[in-house]
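A.B. asks: All I have is the shape, not the residue letters:
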């Protein structure tokens, strides 16, 4: 365990379903991130939250909706996804401007059918 | 924004030999360069990092070198072992006070027994 926990580990959903991914960290970090990892592609930054405020939305389609209710939890709400959204979704956190390193969770493997 | 290029995309080495992965970055203001290792079924984990005021850093069999003038940095793994087989990502942080990392596309390292 890295200190960043993601659930579920695997998710299969239909294109009309609504589901949510959850990320939890108890490292005292101030920033949290969602990344999409597809085969043969670089990690794609989706959203950044700093002190529970969204500071970045990297042109992500509105069918992905993040939520950060407190500094320890981050959600990614999914609805009407497309098959090309199938990927590994990674959550990460970092402490502050002095401690730069990211701690990643193990990811949620999402398959859209 | 920052652009990080990583080479090679795949690397196969004989157990006991060394492995070298190289990355270049575009933004001369970048000041933090971490390396991550991602094993199958897991999220990326930080293995070593270097800041721009340092030219080299070592941790047991792993070393990272940074050439700020040429804007490139490298990961060196000596005496490779089968458990070193994984995908390795380099990254660079482009701006002061910015939490975001820009990642390379990854290198799949296979250590042959």
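C.D. replies: All right, it came through fine. Since this is a predicted model, take the numbers as computed values, not measurements.

A.B. asks: And the pLDDT for the closest residue to chain B within chain A?
C.D. replies: Residue of chain A nearest chain B, by CB to the nearest CB: residue A:104 (3.5 Å). In short, each C-beta sits where N, CA and C put it, glycine included. For residue A:104, the model assigns a pLDDT of 96.

A.B. asks: Spit out the contact partners of residue 87.
C.D. replies: Unless you meant another one, I'm taking chain A. Residue A:87 makes contact with A:36-38, A:110, according to CB atoms under 8 Å, 6 or more residues apart in numbering or on different chains.

A.B. asks: The intended chain is chain B.
C.D. replies: Counted by CB under 8 Å, 6+ apart, residue B:87 has contacts B:37-38, B:106-109.

A.B. asks: Among the residues you listed, which lie within strands?
C.D. replies: Secondary structure assignment by DSSP state E places B:37-38, B:107-109 of these in strands.

A.B. asks: now, which of those residues sits nearest chain A?
C.D. replies: Nearest member of the ones in strands among the contacts of residue B:87 to chain A, counting by CB to the nearest CB, is residue B:38, at 8.3 Å.

A.B. asks: can I assume residue A:112 is in contact with residue A:80?
C.D. replies: No. Residue A:112 is beyond contact range of residue A:80, at 9.8 Å (criterion: CB atoms under 8 Å).

A.B. asks: which residue sits closest to residue 104 in space, ignoring its chain neighbours?
C.D. replies: Here I'm looking at chain A. residue B:43 (3.5 Å; CB to CB, 6 or more residues apart in numbering or on different chains).

A.B. asks: Please refer instead to chain B.
C.D. replies: residue B:6 (3.0 Å).

A.B. asks: picking that back up, and for the residue nearest to residue A:104, the neighbour number?
C.D. replies: Neighbour count for residue B:43, taken as other CB atoms under 10 Å in any protein chain shown: 22.

A.B. asks: Kindly report the same for residue A:75.
C.D. replies: Residue A:75 has 17 nearby residues by other CB under 10 Å.

A.B. asks: OK, contacts around it?
C.D. replies: A:20-23, A:66-69.

A.B. asks: Format the residues you listed as TSV; extra columns: pLDDT.
C.D. replies: Formatted as TSV, the contacts of residue A:75 follow (pLDDT from 0 to 100):
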residue	pLDDT
A:20	97
A:21	98
A:22	98
A:23	98
A:66	95
A:67	95
A:68	93
A:69	93
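
A.B. asks: Let's have the residues you listed in CSV, adding secondary structure and neighbour count.
C.D. replies: Converted to CSV, the contacts of residue A:75 look like this (DSSP: H, G, I helix; E, B strand; the rest coil; neighbours: other CB atoms under 10 Å in any protein chain shown):
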residue, secondary structure, neighbour count
A:20, strand, 14
A:21, strand, 22
A:22, strand, 16
A:23, strand, 26
A:66, strand, 20
A:67, strand, 14
A:68, strand, 19
A:69, strand, 9
